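**Student:** Fold the following for me, if possible:
(one chain, ligands or ions: 1)
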Amino acid sequence: MAEIALKQYLENGDIDEGLVSVILDLSSVFEKIAQSFKTVDTGKAGSQNVYGEEQKVLDVLSNDLFEDYMRKNQYVGLIASEELDGEIKVDGSPYAVCSDPLDGSSLIDVNLSVGTIVGIYKTDTFIGSKGRDQLASVVGVYGPRTTILLTAKKGVHEFTLRDGQFFLSKENLKVVEGKMFAPGNLRACKYRQDYTDLLNFWVKEQYTLRYSGGMVPDINQIILKGKGIFSYPGYEDYPDGKLRLLFECAPMALLMEQAGGAASDGINKILDKELSSIEQRSPIFIGSKAEVARCEEYLSRT
Ligand code: P6P
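**Tutor:** Sure thing, here's the model as predicted:
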């Protein structure tokens, strides 16, 4: 494959110049976040985010990079971040960008892969939006290599960082069927026979277990391997589970649907759920169409 740089790919792809500008700025944010792991303390920042979760130094640094670049981008008028309170009006510019700047930050001090999740809309408020309104989803994946999974609703493509630039490494990624599972929140089995039965199916069918505790690397693996299912249900104490609809579930769901897969909360498609609050959480079952359908079937059992 001839080396195609991200900027060239976007400009050749008939994508709005504002969206190109935002995506290129995000790629700079990802590069700097990846660089920070080599030098910055992996410890606690001594502060909490709006959810009362203890922030790591790298959480704050990643958010600062995201916020700084987006505030300075002439096309961005609204931002929201898992590390900030509510949505922040920058100006009247058309694009709205939401992010989990460093998903899975607790995995860094055990040297596991993490990522940055970003959804891009054209709106003046995220409230009332649906994931299907996103114009693009851009996910930074920090593993042995630094990569980007990107969709601007024209398929899903991977770009890899090399010598300070992102180059196209995989084009038109597709998810079909295959026996691989990333089962989250197993503690729900204490209360939910339906989820226990679903897990027993995967185990008895000898599915390959691939769960790292990082939503980004776990779903990145499903998209790159082209198969599998990631599950994170709720249960009575936490009926909506742990993962945020705006910052995590919706951007990942857009990538998965664009790759020919599906994403559901067990009943409804993630991308059709209307956002009622910035911090809204959602159960999520995301992967190949047949596996998501299987989840919905098992989880409809009482
Ligand atoms: P658990 C990381 O904290 C995260 O938000 C996702 O990246 C990941 O999929 C999930 O939580 C892991 O949750 O309950 O397995 O620790």
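**Student:** Helix, strand or coil: sort out the nearest residue to V20 once chain neighbours are set aside for me.
**Tutor:** Of all residues not flanking V20 in the chain, L10 sits nearest, at 4.5 Å (C-beta to C-beta, 6 or more residues apart in numbering). Just so you know, the C-beta spots here come from the backbone N, C-alpha and C atoms, and that holds for glycine as well. Under DSSP: H, G, I helix; E, B strand; the rest coil, the three-state class of L10 is helix.
**Student:** Just give the number of residues close to L10.
**Tutor:** 23 (other C-beta atoms under 10 Å).
**Student:** What of Q165?
**Tutor:** 14.
**Student:** Kindly state the beta-bridge partners for it.
**Tutor:** Taking DSSP bridges as the rule, Q165 bridges to R162.
**Student:** Give me the local confidence score for it.
**Tutor:** On pLDDT, Q165 comes in at 97.
**Student:** quick revisit: surely the residue nearest to V20 is in contact with L24?
**Tutor:** Yes. In this structure, L10 is within contact of L24 by C-beta atoms under 8 Å, at 7.2 Å.
**Student:** For the stretch 151-300 of the chain, which segments count as strands?
**Tutor:** 157-162, 165-170, 180-183, 208-209, 229-232, 262-264, 284-287 (DSSP state E, counting those that start in this stretch).
**Student:** Redo the ones you listed as TSV? Include distance to E82.
**Tutor:** Below are the strands of the stretch 151-300 of the chain laid out as TSV (distance: least, C-beta to C-beta, whole Å):
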stretch	distance to E82
strand 157-162	23
strand 165-170	24
strand 180-183	21
strand 208-209	27
strand 229-232	16
strand 262-264	19
strand 284-287	15
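**Student:** quick one: average pLDDT of stretch 113-125?
**Tutor:** On average, stretch 113-125 scores 98.
**Student:** With stretch 54-70 instead?
**Tutor:** On average, stretch 54-70 scores 94.
**Student:** what helices or strands is the helix of greatest length in the chain leaning on?
**Tutor:** Counting residues, the longest helix found in the chain (DSSP state H) is helix 17-39. If you count contacts as 3 or more C-beta pairs under 8 Å, 6 or more residues apart in numbering; DSSP states H and E, helix 17-39 packs onto helix 6-12, helix 57-72, strand 95-103, strand 114-122, strand 136-142, strand 146-151, strand 157-162.
**Student:** What are the buried residues along that helix?
**Tutor:** 18-27, 29-31, 33-34, 36-37 (16 or more other C-beta atoms under 10 Å).
**Student:** Specify the angle between that helix and strand 95-103 in degrees.
**Tutor:** 20 degrees (axes from the mean of the first three to the mean of the last three C-alpha atoms, to 10 degrees).
**Student:** got a list of contacts for helix 17-39?
**Tutor:** Contacting residues not belonging to helix 17-39 are listed as 6-7, 10-11, 15, 58, 61-62, 65-66, 69-70, 72-76, 93-95, 97, 101-102, 108, 116, 118, 120, 135-136, 138, 140, 142, 146, 148, 150, 152, 159, 161, 164, 166 [C-beta atoms under 8 Å, 6 or more residues apart in numbering].
**Student:** quick check: mean pLDDT across that helix?
**Tutor:** Rounded mean pLDDT across helix 17-39 is 96.
**Student:** What strands line up against the helix or strand just after that helix, and which way round?
**Tutor:** Using DSSP states H and E, the helix or strand that follows helix 17-39 towards the C-terminus is strand 44-48. In the sheet, strand 44-48 lines up against strand 54-56 (antiparallel) (DSSP bridges).
**Student:** Give the buried residues for the partner strand.
**Tutor:** Quick answer for strand 54-56 (16+ other C-beta under 10 Å): Q55, K56.
**Student:** Stretch 141-160 too?
**Tutor:** Taking 16+ other C-beta under 10 Å as the criterion, stretch 141-160 shows 141-143, 146-152, 156-160 as buried.
**Student:** in the stretch 201-302 of the chain, what residue is nearest the ligand?
**Tutor:** Here the stretch 201-302 of the chain gets closest to the ligand at one residue, M215, 3.4 Å apart by C-beta to the nearest ligand atom.
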